[in-house]
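**Q** Output the structure for:
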Amino acid sequence: MTVLLRLVAWLLAAAVTFLTLGPADVRPHPVLGQYGDHALAFFLVGIFFGLAYPQRRWTVSALAVALIGLLEIMQLWVPGRHARLEDFVVDALSACVGFALSAAANWMMAQFGEDPDAVTRQRP
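**A** Predicted coordinates for the structure are as follows:
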């Protein structure tokens, strides 16, 4: 299960990177509005990375926020794209909410007597 979660997390990160920096003609039209689409994409990134790397959640979340900032800055060199502070804030907060939700899920599983790392533990 860990391998699948990590694969999905990295595929989501790659998709977000491509859509952020890729050509304008491959970008989808906003469905939930600009901020809604951003929030959903980075929320999913946060959830999947939080579930995929539960023992390193703080480190991965800090790296995610730093890389989200880097993605925003890299847009300065992409024609037709704009680096905006409000986009960074929405993206970073959404990812952090996703990480927090994955932590809450692990905590709830521990409270109910379930092994919180059973989803991500490798079998021998």
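
**Q** Low-confidence bits of the protein, can you list those?
**A** Within the chain, the stretches with pLDDT under 70 are 113-124.

**Q** quick one: the helices in this structure?
**A** Under the criterion DSSP state H, the chain contains helices at 2-21, 34-52, 57-74, 85-111.

**Q** and Arg27, which of those helices is closest to it?
**A** helix 2-21 (5.7 Å; Cβ to Cβ). (C-beta placed from N, C-alpha, C; glycine too.)

**Q** relative orientation of that closest one and helix 57-74 in degrees?
**A** If you take axes from the mean of the first three to the mean of the last three Cα atoms, to 10 degrees, helix 2-21 sits at 20 degrees to helix 57-74.

**Q** Just the C-alphas of helix 2-21, formatted as CSV.
**A** Presented in CSV, the C-alpha positions along helix 2-21 are these (Å, rounded to 0.1, in the frame of the first residue of the first chain):
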residue,chain,number,x,y,z
THR,A,2,2.9,2.4,0.7
VAL,A,3,4.2,2.0,-2.8
LEU,A,4,0.8,2.9,-4.2
LEU,A,5,0.3,5.9,-2.0
ARG,A,6,3.8,7.2,-2.8
LEU,A,7,3.2,6.6,-6.5
VAL,A,8,0.0,8.6,-6.4
ALA,A,9,1.6,11.4,-4.4
TRP,A,10,4.5,11.8,-6.8
LEU,A,11,2.2,11.6,-9.8
LEU,A,12,0.0,14.3,-8.3
ALA,A,13,3.1,16.4,-7.7
ALA,A,14,4.3,15.9,-11.3
ALA,A,15,0.8,16.8,-12.6
VAL,A,16,0.6,20.0,-10.5
THR,A,17,4.2,21.0,-11.7
PHE,A,18,3.3,20.4,-15.3
LEU,A,19,0.1,22.3,-15.1
THR,A,20,1.8,25.1,-13.3
LEU,A,21,4.7,25.5,-15.6
